[in-house]
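Engineer: no sequence on this one, just coordinates:
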């Protein structure tokens, strides 16, 4: 009996040793495999609206495409060099804020009293830390002020003079009204004001001859960096002829901007009020987290069901935790593009 | 054959007539039954924070309870008389805005430069129409201005001077700084400013001797009317010693206030930044709609998991489409109460 027991014991011991070795070799193998190159990507928008091919000259289209590419490259370089998604979003948005082509920073639209009031926000998907400024008139790059609010205050949102004084205290670049002025945007204000009075006479035929781009050009970016962190940011001048003091969705976390490493990052553009009422950016994340929708499905639901049913218009760009990119809009077009570490790049304008 | 057919036809005809009469009598019966009394209810809060029994005198506690009851009754009367949930929310909040006991309207806290900047918002759960004002200094009842923004503009949120000029245009009651001033709140500012300098010396012993009620007293109400419509509203002076221009969660739809007839109505109070980052009010609704949680479970998840994990403090009140009422908070207390058409009424202050 003892003999049998010893044989059995020895056999078990050998099996155990062999099994351990095998496990160890597996572990060693795992350790020595080359780590998979980390995925990184970014997606941008430069506003959604009635953008049809017949409204843009070849030169205009080329200028937009060039600037969108410049913005993508600015953000991509940050990510490629191992920088954070927050910095990538900032750099991409700065390019568009500094261009008069978009309704953010230089080239912001005018409100009903002929002033330019700009809004911006940023969100860090790792910590949910957020920053925003609303109704600022002199900060060259509102997105930089939003990042400063996130990093250097216990607050999320600063508005008006309080935000401007705070930005000055941290020596952010300031500009006077002349810098932000563009003749095109001023003409849009005059057109809008004329149209508003026309609307009272129900002369819709004349309304239709005006290109409906008064709320075009909000800019946004969502990025995923090599550390798997998502960030989203949005910057805008709002709507032409808006009441002064009006705050739209762009500086509101969950409406115009949202980022959460568990789900996705989102930036919105369009008639902001509808994106506030639906909490569009947060809603996409909630549909993904709690209803199991993909990013693409969630964007479709928010734009084509929720925003549509309220009569709203605009678009959303997004990027999920695995680097999948999607966008959706219910307007004729949206300036948009993306670039990924897998080598994919696309820039589009019209509904295709 | 013909005879059989006639007999069958007659029999079928008789059956049809009898059946029709029976249906008609059912219809008549249905019409004559007394319609089930429609459920209506409201829930209010007057702020969450370090409210312990030992901090309040008997007289103070009595004053708070009396004012909460007055607010409940003001809203309840509207609902009982068949008024809308929006009006009920407005009337309940007006009572608390007009009382110096709460940090909203008269009795609002002071910001870092000794000014009172107030925020408020309202949301209609039937249409998702929303209105908000931020950083207003002279509007007697900020919640009334929020309702006006909802009803009389194409915008959701107006801030600062733009919001004030708009309110004046509609002849809302305005007050000067003297009206809003209370000695208690001014002393809180001085204490907070002293404490902030003390905090730099890490003299925590002295900090603990000060009652931490600098952000107490935001008020809110959620109501369900006889038509099954939910509305939610919030009004606040924000945080003592906040940076001027700071906007908290109270005027932000989805953060401090949310209403949707499909799910629930919510009003928040606490350190607003955490309620913005978690989109607390909208998150409760999303957890109910997409994860199937009950109102109570959703409130618990948002306060004790999401807000807690970020280190935030505060509370939420809510009411679902069936009139179920719930509240939750992670502070020592929250001024709160509810009243329902079923005859239930409760007013509580401490954590019980």
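Structural biologist: Sure thing, it's come through. What you are looking at is a predicted structure, and each value in this text was computed from that prediction instead of being measured.
Engineer: you'd agree residue A:161 is in a helix?
Structural biologist: Yes - under DSSP: H, G, I helix; E, B strand; the rest coil, residue A:161 falls within a helix.
Engineer: ok, now which ones touch it?
Structural biologist: B:244, B:245 (Cβ atoms under 8 Å, 6 or more residues apart in numbering or on different chains). Quick note: C-beta positions are derived from backbone N, CA and C, even for glycine.
Engineer: and it, how far is that from residue A:140?
Structural biologist: Using Cβ to Cβ, to the nearest Å, residue A:161 is found at 17 Å from residue A:140.
Engineer: And the strands in the stretch 51-200 of chain A, which stretches?
Structural biologist: With strands called from DSSP state E, counting those that start in this stretch, the stretch 51-200 of chain A shows them at A:118-124, A:130-136, A:157-159.
Engineer: Tell me which of these sits most buried.
Structural biologist: Comparing these by mean neighbour count (mean count of other Cβ atoms under 10 Å in any protein chain shown), strand A:118-124 comes out on top with a mean of 32.
Engineer: Adjacent strands (with direction) for that strand?
Structural biologist: Paired neighbours of strand A:118-124 in the sheet (DSSP bridges): strand A:130-136 (antiparallel), strand A:230-236 (antiparallel).
Engineer: Make a markdown table out of those strands and add mean pLDDT.
Structural biologist: Shown next, in a markdown table, are those (pLDDT from 0 to 100):
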| stretch | mean pLDDT |
| --- | --- |
| strand A:130-136 | 97 |
| strand A:230-236 | 97 |
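Engineer: what residues does the stretch 251-352 of chain A put near chain B?
Structural biologist: A:252-255, A:258, A:272-273, A:276-279, A:282-283, A:286-287, A:289-291, A:310 (Cβ under 8 Å from any Cβ of the partner chain).
Engineer: out of those, which are buried?
Structural biologist: Buried residues within those, counting neighbours by 16 or more other Cβ atoms under 10 Å in any protein chain shown: A:252-255, A:258, A:272-273, A:276-279, A:282-283, A:286-287, A:289-290, A:310.
Engineer: For the stretch 51-200 of chain A, which residues score under the pLDDT cut-off?
Structural biologist: Low-confidence segments of the stretch 51-200 of chain A (pLDDT under 70): A:196-200.
Engineer: Now it against chain B: closest residue?
Structural biologist: Per Cβ to the nearest Cβ, residue A:162 is where the stretch 51-200 of chain A lies closest to chain B, at 1.7 Å.
Engineer: Quote the end-to-end distance of stretch A:78-85.
Structural biologist: This stretch, stretch A:78-85, spans 8 Å end to end (Cα to Cα, to the nearest Å).
Engineer: Let me know the pLDDT of the residue nearest to residue A:328 when sequence neighbours are not counted.
Structural biologist: What sits nearest to residue A:328 in space, not counting adjacent residues and going by Cβ to Cβ, 6 or more residues apart in numbering or on different chains, is residue A:299, at 4.1 Å. We have a pLDDT of 98 for residue A:299.
Engineer: repeat for residue A:238
Structural biologist: Confidence at residue A:238, expressed as pLDDT, is 86.
Engineer: Please work out how many residues are found near it.
Structural biologist: Residues lying near residue A:238 (other Cβ atoms under 10 Å in any protein chain shown) number 29.
Engineer: who's in contact with it?
Structural biologist: Residues counted as contacts of residue A:238 (Cβ under 8 Å, 6+ apart) are A:103, A:108, A:109, A:111, A:117, A:118, A:119, A:215, A:246, A:248, A:250, A:272.
Engineer: change it to 6 Å
Structural biologist: Residue A:238 is in contact with residue A:248, counting by Cβ atoms under 6 Å, 6 or more residues apart in numbering or on different chains.
Engineer: surely residue A:41 meets residue A:343?
Structural biologist: No - here residue A:41 lies out of contact with residue A:343, judged by Cβ atoms under 6 Å, at a distance of 10.7 Å.
Engineer: Tell me which of these two has more neighbours.
Structural biologist: The neighbour comparison of residue A:41 against residue A:343 (other Cβ under 10 Å) goes to residue A:41, with 25 against 6.
Engineer: Distance-wise, check that one relative to residue A:121.
Structural biologist: From residue A:41 over to residue A:121 (counting by Cβ to Cβ), the distance is 21 Å.
Engineer: Can you show me the helices along the stretch 251-352 of chain A?
Structural biologist: All helices of the stretch 251-352 of chain A, identified by DSSP state H, counting those that start in this stretch, fall at A:272-277, A:280-291, A:295-300, A:308-310.
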